[in-house]
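> sequence and computational prediction follow.
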Amino acid sequence: MANTLRLIVGYLLLCPAVLPQDQPKDSKGGGHLLGETAEQFFSEGKVGDIDRACQDKDWKTVKQLSKGQDYSSKTNAKDICAKEKVAKQQATSETRFEYNGRGDDETKRADTFTFDHDHLVKIDMVYAAPVANVEGSHPKSYAELFDGLQGAYGPPSKSYSEPVQDMYGVKYDAHRAVWVRSQDIISIVEQPGTDGRTEIVAETLAEHDRAAHSPKSPNPLQ
C-alpha cells in the first residue's frame, strides 16, 4: 500500500516530541507498518521473536517475550506458542481478526492490531493516564502524546475539546485531535477522570469508512 502510515509505537515512547523537519523513523520494536501483510507482522519485532522462539522450542524465551500480552504468568509456554500459531493463521486468512499486542509496561500502554484480508488495517494504542509516581513506570499524558504526534505529522486536521463526565458525575474537558492523510487517519482521544486514559488510533481510510457505515449497537439503557 503506497504512502501508508509508519506508526511509530516505540518511537513515541522514547521521544515525547519530534522536530517537524525530522522524518518519522522505522520502529524496530513494538511498531508496525499500517497496511503491512499479516505475514510481515508475525515475522517482525517482538511478535516475530516469539514465533522464532516457538520454532526453536526455547520455552524460557517464549515466556519472557510474552510478558505484557494476554497471558497468565502460569500459562505454559507450549500453550502460548499454540495460541500464537492460531493467531497467525487467522490473521493471514481472509477474515477479520484482532490481535492483542505486547504493549508496554513502562508507559502503561495496551495495543490492539486489526487485520482484514491479510493486511493490518488498524492500530489501537491505549495509554493509562498518569496517576502516581511508581518506580519503573512512566505513563504518558495526553499533552505529551499529542506533542509527539504533532511533531511527527504536523498540525492536526482538526483539534477540539468537548465536555464529558465520569461515573461520579464530575465534569471534564476532553481533548481530541485528528490527522486526515491521503491513505490513513490518525486520531487521539483523551478520557480524563477516574480510570482516565488516552487512546491513539491509526487506521486506513477504508477501515475508517467501514466503521463509519457499520450499524450502531442499540443502547440498552434507552
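Perfect, I can see it now.
> helix or strand: which one has the most centrally placed residue in the chain?
In the chain, the centroid-proximal residue (Cα atoms, centre = their mean) is residue 125; its distance is 2.8 Å. Taking DSSP states H and E as the criterion, residue 125 maps to strand 119-128.
> now do that strand, average pLDDT.
In this model, strand 119-128 carries a mean pLDDT of 92.
> work out the gap between that strand and the centre of the chain.
Distance of strand 119-128 from its chain centroid, counting by Cα atoms, centre = their mean, to the nearest Å, is 3 Å.
> burial count for residue 199?
Neighbour count for residue 199, taken as other Cβ atoms under 10 Å: 16. Every C-beta, even on glycine, is put in place using the N, C-alpha and C of the backbone.
> look up which residues are beta-bridged to it.
Beta-bridge pairing for residue 199 (DSSP bridges): residue 126, residue 189.
> surely it touches residue 177?
No - Residue 199 is beyond contact range of residue 177, at 11.6 Å (criterion: Cβ atoms under 8 Å).
> okay, and the common contacts of these two?
Common contacts of residue 199 and residue 177, defined by Cβ atoms under 8 Å, 6 or more residues apart in numbering, comprise residue 188.
> can you name the residues in contact with the strand holding residue 125?
Under the contact criterion Cβ under 8 Å, 6+ apart, strand 119-128 has outside partners 1, 7, 9, 32-38, 41, 107-115, 139-140, 145, 196-204, 206-207.
> weed out the non-buried ones from the residues you listed.
By neighbour count, with 16 or more other Cβ atoms under 10 Å, the contacts of strand 119-128 hold 1, 7, 9, 32-38, 41, 107-111, 113-115, 139-140, 145, 196-204, 206-207 as buried.
> out of these, which are inside helices?
9, 38, 41, 145, 206, 207 (DSSP state H).
> spit out the contact partners of the residue lying closest to residue 93 once chain neighbours are set aside.
Residue nearest to residue 93 in three dimensions, not counting chain neighbours: residue 118, with 7.2 Å by Cβ to Cβ, 6 or more residues apart in numbering. Going by Cβ under 8 Å, 6+ apart, residue 118 touches 37, 38, 39, 91, 92, 93, 94.
> quick check: phi and psi at the last one.
Note on residue 94: backbone dihedrals following degrees, to the nearest 10 are phi -90, psi 0.
> so how far is residue 101 from it?
Distance from residue 94 to residue 101, counting by Cβ to Cβ, to the nearest Å: 22 Å.
> what about the two, which has more around it?
Neighbours were counted for residue 94 and for residue 101 using other Cβ under 10 Å; residue 101 has more, 23 against 7.
> what's the pLDDT at the closest residue to the more buried one other than its chain neighbours?
Using Cβ to Cβ, 6+ apart and skipping the chain neighbours, the partner closest in space to residue 101 is residue 111 (3.4 Å). At residue 111, the pLDDT value in this model is 90.
> show me what residue 111 is bridged to.
Here residue 111, judged by DSSP bridges, has bridge partners residue 125.
> got it, and residue 98?
Listed beta-bridge partners, residue 98: residue 114 (assigned using DSSP bridges).
> roughly how far apart are it and residue 116?
Using Cβ to Cβ, residue 98 is found at 10 Å from residue 116.
> could you do residue 90 as well?
To residue 116, residue 90 is 11 Å away according to Cβ to Cβ.
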